[in-house]
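*Asks:* The following comprises the amino acid sequence and a computationally predicted model.
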Amino acid sequence: MKKVILLVVLAFVCLVPTAFGAAPAKNFVIVDAKSNESFVPIRFLNGYNGTTVTWTAADQRIDIVKEQTKLTLFVGKTTGTLNEEPVQLTGAPFNDNGVTYVPLQVVSKALNMQVTWDKELSSVKLNQDDVSAASLPFLTRDKNGNVNNSKPIVSEKKTFKVGKKSFTVQMVTISLLHPKIDMDVVLAGNTIGKVEELSSLAKRNNAAVAINGTFFDAYTTGDYKAPYGYIISGNEILKQSGGDRRTVFTYDKNHLVELIPGMDFLDRFKLGTIEGGLQAGPRLLTNGKVTIDVVKEGFKDPKILTGGGARSALGITRDHKLILITTGGATIPQLAEIMKQAGAYQAMNLDGGASSGLYYNGKYITTPGRKISNAIVIKYQ
C-alpha cells in the first residue's frame, strides 16, 4: 500500500519535466506582443547557478528555490508568493509546446539576476552574482498567442535584381528555434583532410539540408586536402586556425547564432558556450547593412576580391532563421545585396566555385562540381 501511495505522489510532484508533449531541446525567452512582458522557461532556471525548480501538476504550481529564497507561482495566475509573502505579477505563467514559462521580471528580481537585452542578436543575457552568465534567444508571442509559427524548413527558387543584373537564387530557410530542428558542422569522412560528395555527407548524417562549408585545399594532387580556418562541432575545435582574421559562424546549444571576427574567436570559445561553427568569410552584412572588408579579413584571392562566380552564403534573420543560398555569377558585393534582399540581418560568404552546393529533401537543388571537405547540415527530427 505504501508503494502505491509513493507512486501517486511522484506522479504529481517532480522536478521540472522535459515536456508535457514533445519538448524543444532549445531554451528561449518569449516576449508577449500585447503586454511587452518577457517569460523565461523553467527548464532553463532549474540547475542554473544553484537554482532548483519543482513542478506540482495537481495545482499547476511552480516552486523556484535558491538558498533562502523561494518563489511560488501558478500557471494562469497573476498572483504568487515570495518567501511566503504575496507578490503580484504583470503576466501569468503559461505553457507553450510542452514547456512552462514564468515572468522574467519577477524571477530576475527574486533571484537577483541582471538582465541585458541585445537587440542586434535578438537575445537576452542573464547574470547572477556576477558569476554565472547565459544568453538566450528571444521570440515574440503575437497578439493571438502564437510563438514560432514558421515552418521548420522552406525551400524556394527566387530571382533578385542587383543593379541591372538579375540573379537566380536557390534558397532554403530554417527556423532554428523550431523544436524539431537540429544543426551540426560535419567533416567529409569524419576526418580532417578528407573529401566527400555533399549528398553522401548529408545522407550519412541524416540531414534534411546541407550546404558546403569553408574553404579547403581543393587543388592539391595529394590525398590530404586541408580545410582552412576553424571548424567546431560538439563544443570541440576539430581544426585550429591561429591568427586567421576571417569571420567565424558560431551557434550554441540553443541555436543562438553569431558571426565573430576571427581574431576574437578563441577568447569567445573559452567561455564554453559555442557548440559548433566554421570559419569562412568575408562577412557580408552586419545589422542589416553591407559591411565587406576583404583586406581586413586577410583575403588575397582575386576570386574574392574582384571576380564573379558560383557562390554559397548563409544569413541570419532577426527572428532566428538561418538562410542558406546558392547562386551563380555574383561578385562578393552583389552577393551581399542578394542576402540583404533575402531578408538576412547578418550574413557571411562560404566557399564557392565548384564547391558551391545545396542539398534539400534527398536531392541536390544546386549540384557542386567536386567533392567537398566540410558542410553545415540541418536535421529534422
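*Replies:* Noted; the coordinates are in hand.

*Asks:* before we move on, what SS does the spatially most central residue of the chain have?
*Replies:* Nearest to the geometric centre of the chain sits His255, at 2.2 Å (C-alpha atoms, centre = their mean). Following DSSP: H, G, I helix; E, B strand; the rest coil, His255 is assigned to coil.

*Asks:* My understanding was that Lys151 contacts Lys180; is that so?
*Replies:* No - Lys151 lies out of contact with Lys180 (C-beta atoms under 8 Å); the separation is 10.8 Å. (C-beta placed from N, C-alpha, C; glycine too.)

*Asks:* Which residue of these two possesses the greater neighbour count?
*Replies:* More crowded of Lys151 and Lys180, by other C-beta atoms under 10 Å: Lys180, with 14 against 9.

*Asks:* got a pLDDT number for Cys205?
*Replies:* Small correction: residue 205 is Asn, not Cys. In the predicted model, Asn205 carries a pLDDT score of 97.

*Asks:* which residues does it contact?
*Replies:* Asp184, Val186, Val377, Lys379 (C-beta atoms under 8 Å, 6 or more residues apart in numbering).

*Asks:* go again using 10 Å as the cut-off
*Replies:* Asp184, Val186, Asn190, Ala375, Val377, Ile378, Lys379 (C-beta atoms under 10 Å, 6 or more residues apart in numbering).

*Asks:* Thought Lys26 was touching the residue nearest to the centre of the chain, still the case?
*Replies:* Yes - counting by C-beta atoms under 10 Å, His255 touches Lys26, with 5.5 Å between them.

*Asks:* Touching both of those two, which residues are there?
*Replies:* Pro137, Leu176, Leu177, His178, Ile181, Asp182, His320.

*Asks:* low-confidence ranges in the stretch 51-200 of the chain?
*Replies:* Along the stretch 51-200 of the chain, segments meeting pLDDT under 70 span 130-132.

*Asks:* all strands in it, in order from the N-terminus.
*Replies:* Under the criterion DSSP state E, counting those that start in this stretch, the stretch 51-200 of the chain contains strands at 52-56, 61-66, 69-74, 79-82, 85-88, 94-96, 99-103, 113-118, 123-128, 132-141, 153-162, 165-175, 181-187.

*Asks:* quick revisit: what's the nearest residue to the residue nearest to the centre of the chain if we skip its chain neighbours?
*Replies:* For His255, ignoring the flanking residues on the chain, the nearest one in space by C-beta to C-beta, 6 or more residues apart in numbering is Leu176 at 4.0 Å.

*Asks:* my guess is that neighbour meets Lys379, correct?
*Replies:* No - in this structure, Leu176 is not within contact of Lys379 by C-beta under 10 Å, at 12.0 Å.

*Asks:* So which of these two has more stuff around it?
*Replies:* Counted by other C-beta under 10 Å, Leu176 and Lys379 do not tie: Leu176 has more neighbours, with 25 against 16.

*Asks:* ok, back up a step: and the residue nearest to His255, how far is that from Tyr101?
*Replies:* Distance of Leu176 to Tyr101, computed by C-beta to C-beta, to the nearest Å: 19 Å.

*Asks:* before we move on, what about Met183?
*Replies:* Taking C-beta to C-beta, one finds Met183 at 23 Å from Tyr101.

*Asks:* Check Leu335 too.
*Replies:* For Leu335 relative to Tyr101 (C-beta to C-beta), the value is 39 Å.

*Asks:* repeat for Pro227
*Replies:* Separation of Pro227 from Tyr101 (C-beta to C-beta): 41 Å.

*Asks:* Could you do Ala310 as well?
*Replies:* Taken as C-beta to C-beta, the span from Ala310 to Tyr101 is 44 Å.

*Asks:* and what of Leu201?
*Replies:* From Leu201 to Tyr101 the distance is 37 Å (C-beta to C-beta).

*Asks:* go on, Phe215?
*Replies:* Here the criterion is C-beta to C-beta. By it, Phe215 lies 42 Å from Tyr101.

*Asks:* helix or strand for Tyr359, which one?
*Replies:* strand 358-360 (DSSP states H and E).

*Asks:* Check which helices and strands that strand is in contact with.
*Replies:* Packed against strand 358-360 by the contact rule (3 or more C-beta pairs under 10 Å, 6 or more residues apart in numbering; DSSP states H and E) you find strand 153-162, strand 165-175, helix 198-204, strand 209-212, strand 321-330, strand 363-366, strand 374-380.

*Asks:* how about 7 Å then?
*Replies:* strand 165-175, helix 198-204, strand 209-212 (3 or more C-beta pairs under 7 Å, 6 or more residues apart in numbering; DSSP states H and E).

*Asks:* Of the ones you listed, which stretch is the most buried?
*Replies:* strand 209-212 (a mean of 28; mean count of other C-beta atoms under 10 Å).

*Asks:* What mean pLDDT does the very next helix or strand once past that strand get?
*Replies:* Downstream of strand 209-212, the next assigned helix or strand under DSSP H and E is strand 231-233. For strand 231-233, mean pLDDT is 98.
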